[in-house]
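1. Sequence plus the predicted model coming up.
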Amino acid sequence: MIEQYTITTTPKYNFPYPTTDTTFPQHFKQLALHSLQHVQNHSFQLNQHEIQQDNIDAHALQLKLQPLPLKRAYEETAVAAVDTSNIKIGETSTGTLIAVRGATVYKQKRSYRYTRIGPYIFHITENNKKEVYNTLQKTLANPLQEQTHTATPNLQQMPTRIANLLEKWLQTTLTKTAINTLILFDGSLTGGTPETPIVQMKQILETARKNNNTVMAFSKMTNLRFNGYLITEIPLAHKPPYLIETENLKPKPPFVLFGDVYVARLTSGNYAFRLDVDKQVPQQQQIRAIEKLLGNDHLSQSYPETLRLAHILCTFTANEVIAMKHYIARRYGLKIINRPDMHRLLFGPFGKGEGYS
Amino acid sequence: MKLYKKEGNIIQILCFPNETVEKGDYLLIEDTDAGKALIAQVIDTQFASIPGILEELLRSLPDGGETIQGEDFDPLQIAPHITYIQDASLLICKIRATLENEKLSPTSAWLPSRSQSTITKLPIPTLLKLAKVNGKLPITMGTTKDSSPLTIDASSLDGRLNIVTGKKETGKSHMSKLLMLNLISYKATVVVFDLNGEYQSLGMSSDGKRNAYHDKIHVLTPSHNFKIALKQLNLHVLLEILIHALHLPGTSAREFRRIWQSLKERDMLNLHELGEAIRNWHCNQHVRDALFSRYHALVNSGFFTDNIAEATLLEETLCKTKEQGGVIAVNLRNTSTIDRQIVVEYLLGKLVDLLTGYRLKAVFLFAEEAHLYLRETYWDDIVTRMRHFGIFTTFITNQPDTIRENIYRQADNIFLFNFTNEHDLEVVSRAARVDAETVKSIARDLPPHYCLALGKVVRDFPMVVKVRALDVKTMGETRLFFKDMN
């Protein structure tokens, strides 16, 4: 049973009490440690290439070229954001060592506060990947909810998928615990993808609405195009902040859009993002929520600081990667070896390394 | 610790937070397969260049410069590993020697294994033993960084040129006193040009009572208990005084030589007769005036006397110290610049005379702020000619640029106290017995009363030492206006 954050209400702050929901990290930790047990005394290949995965949405659409101007609303509202990060630490003879971490950042008044979970290190092999993924899915998704039967991802997809499970759990927890809050996600509000089952996204948004929260998702990259141009690159002679509405966005099954999609240019400068706002929220309320975001969070380059911090806090630095390698070497006696780079070996100075394509 | 890089005789070692190593420490880099070890000294400590460290620091301060508050659930306890990596340091070390079969050789031509070498801190007593720093005539200078005593051999000062330097109030005079008292305990003759009168009380303990050295400390104050008669003087010594201290022109010096010969032949060498001879001498008026002005300078110095009984103290003292050792402190405290030069010219000339005639064995000369009384030509004389006669000089200064570069080049031992000024460190780093990096890096961080000993006394293993206290009455303290009010 997943516990909830205890909310202590004070006139000023409404931060989640830190001694909450340790059940999740405990499960995660056990699974992480269990997966690492089988890696003892292996040697592993160093690898610092982070697997990136884009959520590509390539449906035709229309844009209302008359922008919706925005005004800052200074009505005091809390802002919260969630993000997760994953990294492939290296390879062993049987699999991959990965690490995931998530962060939730809250902003109330002028203070930011964060909760960071992880890093969790997993040793994923062809043999244990199904077990690891299914166990995590069972643990992290609502156990009462009907399970979506997605195929077990391949080894290369595993870091992103595990990070996604963590992210969805953080999002669920946040929507349950926060009240009257603007909740910011990284990415889109698209369901039906292997990472985001429809049921899960639906439930997250429903819970958020019950607690009077408004969920918004910022995509740093989008594939949506209008007249051949990326929607975020369409120049408009209008002074920010403003939104551009999209129309006729019809995703192909199994994708379902749970948000109304906007192009948001929130500050001056040539920065615009795809912004999804919970579809079930009336449009006037959606716009009001974005205006509150403008009035309650610092926005630089059209991107909210709370979400930026969530991203920064969960991202792995090179120093942390070294520390994790140190931990694995110390705790599990792994001998770190460098497998020869075949590109370098075969092509000398013309071999740009294995990560080069 | 892990061997990281070697460039020339500089070695870089990666050091982790649980290993405590400081500047000045010695490390033993042992390669058991090669059967050899490198002895390296840490000359600088830096943060190891860890990738991602800037991001790490920036991430902790995103909220307008204030640390962002939050909770970290770190179930695998990775955070200690992160700090462990973050706090790793890089030790910049200078290779001092190679140890092979218990023998030291000053080479760094081989490369120890990066993966197999073990690096440990080399205890100073072990190093001293290996380097054979201890000798038959021990002088305990103080304690090293690991609290072990540093004992040098007095013979490593014998026949050597030494420099004691550092900024004000770091302990230079104290160090000089320590060396002097130890030298006289081995019956050495020490002469010190005492510019501030701070060596007069070497024979007194801090409570004002006589100490064990009392009978060996002889204070000579020019014009008071230290005078000379013309009859005791050699013409060339007086001419040195007239030419170098009183700037007598060459033509006038020639006339003076004739006057001197004339008086000597008639056994009339005294101040009165010298004055009369100059007055009556058939020579150019300008020459006469020049000679007269110098004659009056000599008379007014009060350093010259016609009473032979008044002018015997120096030789008597030198005889005494020859037998049982002792310090002759020439008190130049209230002496004018010209008179100071006259006294120094005389004394150096006299010492050379005595040493040439083997009436003295050797003299350890301590010269404080020598640029204030030593003429230009004497610098080279002291390090070359006079050293062969048996004058072994120790220069003491807080202005290292007042000592010529060739003195640093030829210095055998340097006792270096703290300097923060780059220019000063640059000057000292010209010494031949040490590398510039060591001087600049270690001397800058020396606390007061800590000295970096360089040269033969430590067998070229630069050693940081906390100079031990002496039970000697302190003199030469600066007179303070607010002293009573504080």
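-> Yep, that arrived.
2. and residue B:320, how many residues sit next to it?
-> Using other Cβ atoms under 10 Å in any protein chain shown, residue B:320 has 16 other residues around it. Yep, even glycine has a C-beta here, placed from its N, CA and C like the rest.
3. Let me see the contact set for it.
-> Contact partners of residue B:320, counting by Cβ atoms under 8 Å, 6 or more residues apart in numbering or on different chains, are B:218, B:326.
4. So what does it look like in phi/psi?
-> Note on residue B:320: its backbone torsions stand at phi -60, psi -50 [degrees, to the nearest 10].
5. repeat for residue A:305
-> The phi and psi values for residue A:305, taken as degrees, to the nearest 10, are phi -60, psi -40.
6. Just list whatever residues bridge to residue A:116.
-> According to DSSP bridges, the partner residues bridging residue A:116 are residue A:103, residue B:72.
7. Check the one 4 residues further on too.
-> Residue A:120 has the following beta-bridge partners by DSSP bridges: residue A:100.
8. Am I right that it is in contact with residue B:75?
-> Yes - using Cβ atoms under 8 Å, residue A:120 is in contact with residue B:75, at 6.9 Å.
9. more neighbours, those two?
-> residue A:120 (28 against 18).
10. Just name the shakiest helix or strand of chain B by mean pLDDT.
-> helix B:376-383 (a mean of 72; mean pLDDT, DSSP states H and E).
11. and that helix, what does it pack onto?
-> On a contact count with 3 or more Cβ pairs under 8 Å, 6 or more residues apart in numbering or on different chains; DSSP states H and E, helix B:376-383 meets strand B:391-397, helix B:405-410.
12. what does the helix or strand just after that helix rub up against?
-> Sequence-wise, the next helix or strand downstream of helix B:376-383 (DSSP states H and E) is helix B:385-389. Applying Cβ under 8 Å, 6+ apart, the contact partners of helix B:385-389 are B:159, B:161, B:348, B:351, B:352, B:355, B:356, B:393.
13. could you give the mean pLDDT of helix B:385-389?
-> Mean pLDDT, computed over helix B:385-389, is 81.
14. Dump that helix to PDB, restricted to CA.
-> This file holds the C-alpha atoms of helix B:385-389, laid out as PDB (Å, rounded to 0.1, in the frame of the first residue of the first chain):
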ATOM      1  CA  ARG B 385      88.300  34.900  -1.000                       C
ATOM      2  CA  MET B 386      87.300  35.300   2.700                       C
ATOM      3  CA  ARG B 387      85.700  31.900   2.800                       C
ATOM      4  CA  HIS B 388      89.100  30.400   1.900                       C
ATOM      5  CA  PHE B 389      90.600  32.300   4.700                       C
END
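15. Just say helix, strand or coil for residue B:239.
-> helix (DSSP: H, G, I helix; E, B strand; the rest coil).
16. Once you drop chain neighbours, what's closest to it?
-> In space, and not counting its chain neighbours, residue B:239 is closest to residue B:253: 6.0 Å by Cβ to Cβ, 6 or more residues apart in numbering or on different chains.
17. Over to the one you found: give its phi and psi.
-> Dihedral pair for residue B:253: phi -60, psi -40, per degrees, to the nearest 10.
18. quick one: the helix or strand hosting residue B:181 to strand B:391-397, angle?
-> Using DSSP H and E, residue B:181 falls within helix B:172-185. Counting by axes from the mean of the first three to the mean of the last three Cα atoms, to 10 degrees, helix B:172-185 lies at 160 degrees to strand B:391-397.
19. shaky segments in the stretch 101-250 of chain A?
-> Applying pLDDT under 70 to the stretch 101-250 of chain A flags the ranges A:141-151, A:226-228.
20. mind listing what the closest residue to chain B within it touches?
-> As assessed by Cβ to the nearest Cβ, chain B sits closest to residue A:114 within the stretch 101-250 of chain A, at 3.4 Å. Counting by Cβ under 8 Å, 6+ apart, residue A:114 makes contact with A:103, A:104, A:105, A:106, A:309, A:310, A:313, B:68, B:69, B:70, B:71.
21. My reading is that it lies in a helix. Confirm?
-> No - using three-state DSSP, the secondary structure at residue A:114 is strand, not a helix.
22. surely the residue nearest to residue B:239 meets residue B:241?
-> No - applying Cβ under 8 Å as the test, residue B:253 and residue B:241 come out as separate, 10.9 Å apart.
23. For those two, indicate the residue with more neighbours.
-> residue B:241 (26 against 16).
24. Now do the same contact list for the nearest residue to the more buried one once chain neighbours are set aside.
-> Ranked by Cβ to Cβ, 6+ apart and with sequence neighbours excluded, the top spatial neighbour of residue B:241 is residue B:345, at 4.6 Å. Residue B:345 makes contacts with B:237, B:240, B:241, B:244, B:245, B:375, as judged by Cβ under 8 Å, 6+ apart.
25. Quickly name whichever of those is closest to chain A.
-> Checking the contacts of residue B:345 against chain A with Cβ to the nearest Cβ, the nearest one is residue B:375 at 61.9 Å.
26. Name the nearest residue to that closest one, ignoring sequence neighbours.
-> In space, residue B:375 is closest to residue B:244, 4.7 Å off (Cβ to Cβ, 6+ apart).
27. Let me know the secondary structure of the one you found.
-> On the three-state scheme (three-state DSSP), residue B:244 is labelled helix.
28. thought it was touching residue B:381?
-> No - using Cβ under 8 Å, residue B:244 is not in contact with residue B:381, being 11.2 Å away.
29. what mean pLDDT would you report for stretch A:341-357?
-> Stretch A:341-357 carries an average pLDDT of 65.
30. tell me the contacts of the most centrally placed residue in chain B?
-> In chain B, the centroid-proximal residue (Cα atoms, centre = their mean) is residue B:164; its distance is 1.6 Å. Counting by Cβ under 8 Å, 6+ apart, residue B:164 makes contact with B:172, B:175, B:176, B:394, B:395, B:396, B:397, B:414, B:415, B:417.
31. Parallel or antiparallel, which strands does the helix or strand hosting it pair with?
-> Per DSSP H and E, residue B:164 falls inside strand B:162-165. Paired strands of strand B:162-165, with direction, are strand B:391-397 (parallel), strand B:413-416 (parallel) (DSSP bridges).
32. rank the helices and strands packed on helix B:376-383 by mean pLDDT and give me the bottom one.
-> Note on the helices and strands packed on helix B:376-383: helix B:405-410 shows the lowest mean pLDDT, a mean of 83.
33. Using CSV, write out every CA atom in that helix.
-> The C-alpha coordinates for helix B:405-410 follow below in CSV (Å, rounded to 0.1, in the frame of the first residue of the first chain):
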residue,chain,number,x,y,z
GLU,B,405,72.0,37.0,-6.9
ASN,B,406,75.4,35.3,-7.0
ILE,B,407,75.2,35.0,-3.2
TYR,B,408,72.0,33.0,-3.5
ARG,B,409,73.6,30.9,-6.3
GLN,B,410,76.5,30.0,-4.0
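34. related to what we said a few turns ago, now render the contacts of residue B:345 as a markdown table, adding pLDDT.
-> A markdown table is the format used below for those (pLDDT from 0 to 100):
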| residue | pLDDT |
| --- | --- |
| B:237 | 85 |
| B:240 | 86 |
| B:241 | 88 |
| B:244 | 85 |
| B:245 | 84 |
| B:375 | 70 |
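35. Could you identify which of those residues has the most neighbours?
-> Counting by other Cβ under 10 Å, top hit in those: residue B:241 with 26 neighbours.
36. residue contacts, that residue?
-> B:298, B:341, B:342, B:345, B:346.
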